[in-house]
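In: need a 3D model of the sequence below.
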Amino acid sequence: QVQLVESGGGLVQAGGSLRLSCAASGRTFSNYAMGWFRQAPGKEREFVATINWTGVEIYYADSVKGRFTISRDNAKNTVYLQMNSLRPEDTAVYYCAARGYSMARTQGEYDYWGQGTQVTVSS
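Out: Numbering: from 1, shown residues only. Below you'll find the model as predicted:
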């Protein structure tokens, strides 16, 4: 089992920045690829970014490419999502997720999920 706890969400004005963190515990964090997903009110959960177990391979949704950066620190068992140039449409609950080794873009491929952290971007 892997336990995931997100933090760093909050209220920010459009154009601002936030950094989300996801702390993992349980099994060996470095064996897992990590992903960030988000769910806005009334919408389906959608993919945001993913990083493989080494941190070398990364993939972003087109909607966040160039604004968001995913990274990981295996020594701290933590994955991050740096979010810059935030827009009102980025408002959502953000979830981190874990799966074995290789990155993935669909939520069904992930085995473990955090409880989510709210990000609200005001216009």
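In: partners of the helix or strand encompassing Met34, with directions?
Out: If you go by DSSP states H and E, Met34 is part of strand 32-39. Strands that pair with strand 32-39, judged by DSSP bridges, come out as strand 46-51 (antiparallel), strand 92-100 (antiparallel).
In: report the rounded mean pLDDT for the first one.
Out: Summarised as a single mean, pLDDT over strand 46-51 is 98.
In: could you point out the helix or strand that follows that strand?
Out: Next in sequence after strand 46-51, counting helices and strands by DSSP H and E, comes strand 58-60.
In: and the contacts of that next one?
Out: 48-52, 68, 70, 103, 105 (CB atoms under 8 Å, 6 or more residues apart in numbering). (C-beta placed from N, C-alpha, C; glycine too.)
In: buried ones among the residues you listed?
Out: Neighbour counting over the contacts of strand 58-60 (16 or more other CB atoms under 10 Å) leaves 48-52, 68, 70, 103 as the buried ones.
In: may I ask which two of these are separated the most?
Out: Spatially, the most separated pair among those is Asn52 and Phe68, at 16.8 Å (CB to CB).
In: the most centrally placed residue in the chain pairs with what?
Out: Nearest to the geometric centre of the chain sits Trp36, at 2.5 Å (CA atoms, centre = their mean). Note on Trp36: beta-bridge partners by DSSP bridges are Ala49, Cys96.
In: ok so, going back, distance to Thr117 added to the strands paired with strand 32-39, as CSV?
Out: Shown next, in CSV, are the strands paired with strand 32-39 (distance: least, CB to CB, whole Å):
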stretch, distance to Thr117
strand 46-51, 12
strand 92-100, 5
